[in-house]
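In: sequence unknown, structure follows:
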């Protein structure tokens, strides 16, 4: 089955700088990769997603890149702001059963 | 638009007991998924219901069971509770018809087993 690894577990960046979170997956048949943001004590919320037929997707300050050959995908946040502080989860959808397999999460800390 | 609501918000149970958690899906959503999120971990898929039938299951034992009702609300039942069942249980609803439908999560039920 699918396995998703996420790095780093904690990331601290200066406000205004960029943040990059990386995930690798094991099943080459996986074809959908969403990113969720979970603020402390709140529910996970989808922030961006990408399908396997696309290499990059952008939404304002957030972008996701996908390298199918290397089986990794990354979240890029530019011009970070205090409200970006949260735990970010990547996930990959197994093609066989449409099940989402999640990474362990990255705690992003934005330093003022 | 009504979001996903879960009840109760917190629950304390003793090992060996049984528990029922409830979820009302977002208006218009007919698919419900349940996840277990241990502290410091990502959500683990338990199962998914569509049209009152289970149509996907993760690596959880049979003592984890569920129901979906005609109004698309759902229950998660856990029998013979173990200490390791302590976690945040998240319900998520989505629209069927596309495997890429975003999941809309509730705020979860924090279960503590002592």
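Out: Right, received. Where do you want to start? In this text, all values refer to a predicted model and were calculated from it rather than measured experimentally.
In: buried sites along stretch A:98-112?
Out: Taking 16 or more other C-beta atoms under 10 Å in any protein chain shown as the basis for neighbour counts, the residues of stretch A:98-112 that come out buried are A:99, A:100, A:101, A:102, A:103, A:104, A:105, A:106, A:107, A:108, A:110. Where C-beta positions appear, they are placed from N, C-alpha and C, glycine not excepted.
In: Of all the residues in chain A, which one is nearest chain B?
Out: Residue nearest to chain B within chain A (C-beta to the nearest C-beta): residue A:102, separated by 3.3 Å.
In: And the pLDDT for that residue?
Out: In this prediction, residue A:102 carries a pLDDT score of 93.
In: nearest spatial neighbour of it, skipping sequence neighbours?
Out: Once flanking residues are discounted, residue A:102 sits nearest to residue B:42: 3.3 Å by C-beta to C-beta, 6 or more residues apart in numbering or on different chains.
In: Which residues of chain B lie near chain A?
Out: With C-beta under 8 Å from any C-beta of the partner chain as the criterion, chain B meets chain A at residues B:4, B:40-45, B:48, B:56, B:58, B:90, B:99-100, B:102-103, B:105-108.
In: ends of stretch A:6-20, how far apart?
Out: Between the opening and closing residues of stretch A:6-20 we find a distance of 11 Å, counting by C-alpha to C-alpha, to the nearest Å.
In: which residues make contact with it from outside it?
Out: Contacts to stretch A:6-20, defined as C-beta atoms under 8 Å, 6 or more residues apart in numbering or on different chains, come from residues A:21-23, A:74-82, A:84, A:89-90, A:103-112, B:42.
In: buried residues in that stretch?
Out: By neighbour count with 16+ other C-beta under 10 Å, stretch A:6-20 contains the buried residues A:6, A:7, A:11, A:13, A:19, A:20.
In: try stretch B:14-33
Out: With burial defined by 16+ other C-beta under 10 Å, the residues of stretch B:14-33 counted as buried are B:19, B:21, B:22, B:23, B:24, B:25, B:26, B:29, B:30, B:31, B:32, B:33.
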